[in-house]
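K.L.:
sequence and computational prediction follow.
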Amino acid sequence: AIFFGLSGTGKTTLSTDPDRALIGDDEHGWTSNNDVFNFEGGCYAKVINLDAEGEPEIYNAIKPGAILENVILNSDKTVDFKDTSITQNTRVSYPIFHIENIKKPSVGNNPKNIFFLTADAFGVLPPISKLTPGQAAYHFISGYTAKVAGTEAGITEPVPSFSACFGAPFMPLHPTKYAEMLSAKMKETGVNVWLVNTGWTGGPYGVGSRMKLKYTRAMITAAMDGSLEAANKDNYHVHSVFGVAQPRTCPNVPTDVLSPRATWKNDDGYYATASKLTNAFRDNFKKFEEYASSEIMAGAPLKY
């Protein structure tokens, strides 16, 4: 699997899993022979609220040879992972061999699943949904997440954040070129693309709560082992605002968690906020429309 996502969406956390060999957590190449390889040889993880139970692999990677940033130490020199007095963006860098279950060498071939990760602070995107090639290209070009209070100075409520291809500063070609390449890879190799909301559920930031990591892990595991598709094939719910295929059931995840509208318990508020985010997507995409194919444009959220 390949994970795409901006800072704080869960790339390092979700790619580091004891049941899957880790190739790397950032900066990879995908060759014409469908090999995926890592450039870096190390990982760069957020450590805010890190604990040994929730993320044991990353927690145990913090040992001599790792570098901690922006953290506060207790009197006994242990790290206070809950302290945000400098910033919520506390970090650790460590060599990949600090993780036990890694791929040697850091190369894999023919990924079967791609996950676009977004921390939707508006709480309106489904926790997981399946994308068509056109939708995958649209969301890839959009590169959406949301900034929340505490992550940047001056941010007091959710703000949509878009970075083309989930890394605009690093893309020398027009984003639509990369989106077309991605669509071609999907069709050539039969890759499934999933949009995963690691952000808020039950309401926006300040009202709802962050999606539980154990549920997100269960959804990704089900997508990768095929049980999510098996349970929902020909029975996905097409989301009335975003047009994506939203599963109705997922192993090890409560059914009501899969429907963002149901978790809100406030239909008017949900649809008003979803419409607001839809408009942000459309406004952001105006600069790409001239270069985007009809297939890509068909992947846009529905007008509501």
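P.N.:
Alright, I've got the coordinates.
K.L.:
please, where are all the helices along the stretch 1-150 of the chain?
P.N.:
11-15, 56-61, 133-142 (DSSP state H, counting those that start in this stretch).
K.L.:
do the stretch 201-304 of the chain as well
P.N.:
Chain-ordered helices for the stretch 201-304 of the chain, with DSSP H, counting those that start in this stretch as the definition, fall at 213-225, 227-232, 260-264, 267-285, 294-297.
K.L.:
for the shortest one, give the mean pLDDT please.
P.N.:
It refers to helix 294-297. pLDDT averaged over helix 294-297 equals 90, rounded to a whole number.
K.L.:
do the same with the second one
P.N.:
Per-region confidence: helix 227-232 scores 96 on mean pLDDT.
K.L.:
comparing the helices of the stretch 1-150 of the chain, which comes out most buried?
P.N.:
For the helices of the stretch 1-150 of the chain, ranked by mean neighbour count under the definition mean count of other Cβ atoms under 10 Å, the leader is helix 133-142 at a mean of 25. The C-beta positions use only the backbone N, C-alpha and C, and glycine is treated the same way.
K.L.:
chain center to it: distance?
P.N.:
In terms of Cα atoms, centre = their mean, to the nearest Å, the centre of helix 133-142 is found 14 Å from the chain centre.
K.L.:
that helix to helix 267-285, inter-axis angle?
P.N.:
In this structure, helix 133-142 runs at an angle of 70 degrees to helix 267-285, with axes from the mean of the first three to the mean of the last three Cα atoms, to 10 degrees as the basis.
K.L.:
so which elements touch helix 133-142?
P.N.:
Contacts of helix 133-142 with other secondary structure elements, assessed using 3 or more Cβ pairs under 8 Å, 6 or more residues apart in numbering; DSSP states H and E, are made with strand 113-118, helix 175-189, strand 192-197, helix 267-285, helix 294-297.
K.L.:
re the thing from before, pick out the shakiest of the helices of the stretch 201-304 of the chain, pLDDT-wise.
P.N.:
Of all these, the minimum mean pLDDT falls on helix 294-297 (a mean of 90).
K.L.:
nearest to A121, of the helices of the stretch 201-304 of the chain?
P.N.:
Minimum separation from A121 across these (Cβ to Cβ) falls at helix 267-285, 9.8 Å.
K.L.:
now tell me what touches that closest one from outside.
P.N.:
Identification of contacts with helix 267-285 by Cβ atoms under 8 Å, 6 or more residues apart in numbering yields 120, 122-125, 138, 141-142, 144, 160, 162, 203-204, 241-242, 260-261, 264, 292, 300-304.
K.L.:
again with stretch 93-100
P.N.:
By Cβ under 8 Å, 6+ apart, the surrounding residues in contact with stretch 93-100 are 16, 18, 22, 24, 38, 40-45, 57, 60-63, 65-67, 69, 102, 106.
K.L.:
tell me the angle of the helix-or-strand element of the chain with minimal mean pLDDT relative to strand 192-197?
P.N.:
For the chain, using mean pLDDT, DSSP states H and E, the weakest element among its helices and strands is helix 175-189, scoring a mean of 86. Taking the same axes, to 10 degrees, one finds that helix 175-189 is oriented at 130 degrees with respect to strand 192-197.
K.L.:
look up the closest residue to the residue positioned nearest the centre of the chain, ignoring the ones flanking it.
P.N.:
Here the mean C-alpha position of the chain is nearest to the C-alpha of L117 (Cα atoms, centre = their mean), at a distance of 1.1 Å. The spatial neighbour of L117 that comes closest, neighbours along the chain excluded (Cβ to Cβ, 6 or more residues apart in numbering), is G5 at 3.2 Å.
K.L.:
what about the one you found, how many neighbours?
P.N.:
Applying the criterion other Cβ atoms under 10 Å, we find 24 residues in the vicinity of G5.
K.L.:
next up, the contacts around it.
P.N.:
By Cβ under 8 Å, 6+ apart, G5 lies in contact with 11, 115-118, 145, 166, 198.
K.L.:
against F115, how distant is it?
P.N.:
Between G5 and F115 the distance, using Cβ to Cβ, to the nearest Å, works out to 8 Å.
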